[in-house]
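Trainee: Sharing a sequence plus its predicted fold:
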Amino acid sequence: MADLAKRFPQNPLLRAADLAPSQAGLTVEGVLNPGAFRYQGRTGLVVRIAECPLQKAGKISVPTTDAEGMLRIVEFDLNDPKLDKRDPRVICHDGRHYLTTLSHLRVLTSADGIRFTEDPGFPRLLGKGEQETFGIEDCRVTQLGDRYYLTFTQVSPDGVGVGMRSTRDWRSFAEHGMILPPHNKDCTLFDRKVAERYYALHRPSSPELGGNHIWLAGSPDLEHWGHHRCVARTRAGMWDSARIGAGCAPIKTADGWLEIYHGASLEQRYCLGALLLDLQRPWKVLARSLEPIMEPTAEYEQHGFFGNVVFTNGQVVEDDSITMYYGASDSAVCGAYFSVREILRSLG
């Protein structure tokens with residue numbers, strides 16, 4: 001099947017060099033995986049900013065924060081036999097894991113959906129407390145009424161869970177804490193109730209039993225989640241054989257809830273596909289992409305901090321048109337257009 005994405009000719013829209021580091025001693029390594037929203041006639045992105053310390057010869061330095069949010073740098077000798085640095089994203093020293101970058105979230109806005117700037121009136125969203133000492137990542141934004149709900153990944157030495165904050169004006173935020181405990185990520189809220197219940201897609205995982213699958217949870221109040229069901233599993237021998245995870249809020253169509261998701265192969269190649277969920281029973285999958293609707297084919301999608309990646313958690317939908325914002329190679333923010341009807345026709 002042909003790639004259905006119509007990429008912006010201006011891609012990449014944002015690179016690391018376009019944004020300043022949050023503080024002295026750090027450098028911006030990647031600008032990636034934005035949530036998206038509309039506010040006061042403008043398009044907004046909640047962009048993940050991945051930073052790392054300035055490196056010294058013969059050493060590798062990794063950033064963390066303490067429970068009060070103060071930066072702490074941990075340093076190792078490159079020739080230390082206890083150091084495993086095969087993955088550029090995570091290193092292991094003497095059985096303990098560290099992220100090589102520390103991420104926070106920034107709000108950028110645009111009048112045309114292409115040229116984005118940072119508004120000094122919108123605060124930077126930093127990790128807080130002991131559950132976010134390794135940062136916060138990959139925000140999804142869902143508007144319910146006049147409030148925007150941000151679900152994101154909280155990272156600490158104790159694991160990876162789902163945090164939530166909410167806002168009406170993008171200047172002050174309510175803290176809702178960790179709504180789904182480790183190991184969990186890739187959480188997105190539906191943009192309306194289904195049969196008087198809120199729903200969310202999320203991804204718990206287990207390396208010993210089960211896998212990196214997409215699950216559905218229900219809630220009466222957006223904070224207490226239960227009624228968990230496994231919705232979609234990885235598929236051996238296919239483009240989404242190693243892991244899958246939800247993208248943005250599912251899109252309500254006459255045929256069902258359309259969910260664009262990411263999938264990775266055993267070779268760590270990330271593509272996008274789609275699920276169609278039943279309107280009244282969103283745990284029931286009606287159709288699913290046999291082939292990706294978007295693959296990493298552009299140069300900026302194939303080469304970067306972690307190559308061969310297209311990853312989305314941000315979109316703006318108007319009628320048949322999806323304006324998607326996505327991360328490319330864990331390095332840059334890009335844009336593409338999709339047609340809802342074309343995606344629905346492509347489903348197996």
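Mentor: On my side now, so go ahead. All values reported here derive from a predicted model rather than from experimental measurement.

Trainee: Break down the stretch 201-348 of the chain into its helices, ranges please.
Mentor: Secondary structure of the stretch 201-348 of the chain, counting by DSSP state H, counting those that start in this stretch: helices at 299-302, 340-346.

Trainee: who wins for proximity to residue 289 among those helices?
Mentor: With CB to CB as the measure, helix 340-346 is the member of those nearest residue 289 (6.6 Å). Heads up, the C-betas are built off the backbone N, CA and C, glycines and all.

Trainee: List the contacts of the closest one.
Mentor: For helix 340-346, the surrounding residues in contact (CB atoms under 8 Å, 6 or more residues apart in numbering) are 1, 4, 251, 253, 255, 258, 260, 274, 276, 289, 291, 293, 317, 320-322.

Trainee: mind running it again at 10 Å?
Mentor: The contact list for helix 340-346 (CB atoms under 10 Å, 6 or more residues apart in numbering) reads 1-2, 4, 6, 251, 253-256, 258, 260, 272-274, 276, 287, 289-293, 317, 319-322, 339.

Trainee: can you put the helices of the stretch 201-348 of the chain in a markdown table and add mean neighbour count, mean pLDDT and distance to residue 115?
Mentor: Listed next are the helices of the stretch 201-348 of the chain as a markdown table, based on neighbours: other CB atoms under 10 Å; pLDDT from 0 to 100; distance: least, CB to CB, whole Å:
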| stretch | mean neighbour count | mean pLDDT | distance to residue 115 |
| --- | --- | --- | --- |
| helix 299-302 | 18 | 98 | 17 |
| helix 340-346 | 16 | 98 | 26 |
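
Trainee: I'd like the ones you listed as JSON lines, with distance to residue 183 appended.
Mentor: Output for the helices of the stretch 201-348 of the chain, formatted as JSON lines (distance: least, CB to CB, whole Å):
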{"stretch": "helix 299-302", "distance to residue 183": "27"}
{"stretch": "helix 340-346", "distance to residue 183": "30"}
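
Trainee: do you know which of these lies nearest residue 141?
Mentor: Using CB to CB as the measure, helix 340-346 is the one of the helices of the stretch 201-348 of the chain that comes nearest residue 141, at 19.2 Å.

Trainee: Export the closest one to PDB, keeping only CA atoms.
Mentor: The C-alpha trace of helix 340-346 is given here as PDB (Å, rounded to 0.1, in the frame of the first residue of the first chain):
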ATOM      1  CA  VAL A 340      -9.900  10.400   7.000                       C
ATOM      2  CA  ARG A 341     -11.700   8.800   4.100                       C
ATOM      3  CA  GLU A 342      -8.500   7.600   2.600                       C
ATOM      4  CA  ILE A 343      -7.400   6.000   5.800                       C
ATOM      5  CA  LEU A 344     -10.800   4.300   6.300                       C
ATOM      6  CA  ARG A 345     -10.600   2.900   2.700                       C
ATOM      7  CA  SER A 346      -7.200   1.500   3.400                       C
END
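
Trainee: And for residue 69, the neighbour number?
Mentor: Counted with other CB atoms under 10 Å, the neighbours of residue 69 add up to 12.

Trainee: so where does residue 176 fall, helix or strand?
Mentor: Assigned by DSSP states H and E, residue 176 belongs to strand 174-180.

Trainee: where does the residue nearest to residue 313 when sequence neighbours are not counted land in three-state SS?
Mentor: Computed as CB to CB, 6 or more residues apart in numbering, the closest residue to residue 313 that is not its neighbour in sequence is residue 140, at 4.9 Å. Of the three states, residue 140 takes strand under DSSP: H, G, I helix; E, B strand; the rest coil.

Trainee: Quick check: bridge partners of residue 140?
Mentor: Applying DSSP bridges to residue 140 gives these bridge partners: residue 151.

Trainee: how far away is it from residue 84?
Mentor: Separation of residue 140 from residue 84 (CB to CB, to the nearest Å) stands at 31 Å.

Trainee: nearest to residue 233, of the helices of the stretch 201-348 of the chain?
Mentor: helix 340-346 (20.2 Å).

Trainee: picking up where we left off before, now the contacts of helix 340-346: which count as buried?
Mentor: Neighbour counting by 16 or more other CB atoms under 10 Å classes 4, 251, 255-256, 258, 260, 272-274, 276, 287, 289, 292-293, 317, 322 among the contacts of helix 340-346 as buried.

Trainee: so which of those residues comes closest to residue 146?
Mentor: Sorting the buried ones among the contacts of helix 340-346 by distance to residue 146 puts residue 317 at the head of the list, at 18.4 Å, by CB to CB.

Trainee: what sits against the closest residue to the closest one other than its chain neighbours?
Mentor: Taking CB to CB, 6+ apart as the measure, residue 317 lies nearest to residue 251, with 5.5 Å between them; neighbours along the chain are not counted. Contact analysis of residue 251 by CB under 10 Å, 6+ apart lists 191, 257-260, 274, 315, 317, 322, 340, 343-344.

Trainee: possible to save those residues as a markdown table with distance to residue 64?
Mentor: Below are those laid out as a markdown table (distance: CB to CB, whole Å):
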| residue | distance to residue 64 |
| --- | --- |
| 191 | 35 |
| 257 | 38 |
| 258 | 39 |
| 259 | 34 |
| 260 | 33 |
| 274 | 37 |
| 315 | 32 |
| 317 | 37 |
| 322 | 37 |
| 340 | 42 |
| 343 | 40 |
| 344 | 44 |
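
Trainee: Among these, name the ones in strands.
Mentor: Among these, the members found in strands (DSSP state E) are 257-260, 274, 315, 317, 322.

Trainee: Test of understanding: give the bridge partners of residue 108.
Mentor: The residues paired with residue 108 through beta bridges, assigned by DSSP bridges, are residue 45, residue 118.
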